[in-house]
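> quick one: sequence and predicted model below, then my questions.
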Amino acid sequence: MKKIYSLLLLLVAALAAHAVEYKGQLIVYVNENESMQDAVITIEENDGSYDLVLKNFKLKSDGQVMPVGNIVVTGVKGTTEYGFTTIELERKVVITNGDDPTVEQWLGPLLGEVPLELLAKFDDHALVVGISIDMQETLEQDIEVNFIGSNGDGSGSGNPADVNRDGNVDVVDVNDVINAVLGK
């Protein structure tokens, strides 16, 4: 009986939490200097609130790589409209150590709480994120992180504007949005 009870608890926990991993490109601006890198961001839903995790974030500038760490925000309320969920927040966060074994020292934990603004829009297939970190007081840097990615399931282009997920952003997508607004 105890095994059945444990199995039911695991099943309920699995149903309550829904995580999607998105793979894509980060475009990072540090004081207007741009770099690109591959990244994975995970969004997990927990009873109407969301957690966003960007692991092993690194700043790249002038051939230098600065390992920052994991950016994790939890418990963000979301709103869903036209099939896309939006989360946004403005709060201080502590960037934790990453888990990349090739990195000896992560910068993020040394910074303490950093002011972070986040805006993300997603569904189960595509994710767009904008993160702003104001480090003017400590590092004299404004850091902007933009991400666009997909879950790799082959549905669509990974672009949230690809409403019908046919791989193209076109007039058909616009018509789908208009029909949704009109309730058709």
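Received it, and whenever you're ready, just let me know what you need.
> residue closest to the middle of the protein?
By CA atoms, centre = their mean, the chain has its centre lying nearest to Ile41, at 4.6 Å.
> quickly find the element holding that residue.
For Ile41, the host element (DSSP states H and E) is strand 33-46.
> what angle sits between the next helix or strand after that strand and strand 33-46?
Next helix or strand after strand 33-46 toward the C-terminus (DSSP H and E): strand 49-61. With axes from the mean of the first three to the mean of the last three CA atoms, to 10 degrees defining the directions, strand 49-61 sits at 160 degrees from strand 33-46.
> any stretches of this structure with poor pLDDT?
Applying pLDDT under 70 to the chain flags the ranges 1-17, 153-184.
> which residue ranges of it form helices?
For the chain, applying DSSP state H gives helices covering 2-16, 136-139, 171-182.
> put the alpha carbons of stretch 136-148 into CSV.
The C-alpha coordinates for stretch 136-148 follow below in CSV (Å, rounded to 0.1, in the frame of the first residue of the first chain):
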residue,chain,number,x,y,z
GLN,A,136,26.6,50.4,-13.7
GLU,A,137,27.4,50.8,-10.0
THR,A,138,29.7,47.8,-9.6
LEU,A,139,31.1,47.0,-13.0
GLU,A,140,30.1,50.1,-15.1
GLN,A,141,28.2,47.8,-17.4
ASP,A,142,24.7,47.6,-18.8
ILE,A,143,24.0,44.0,-19.8
GLU,A,144,21.2,43.1,-22.2
VAL,A,145,20.5,39.5,-22.9
ASN,A,146,18.0,38.5,-25.7
PHE,A,147,17.1,34.9,-26.5
ILE,A,148,14.9,33.2,-29.1
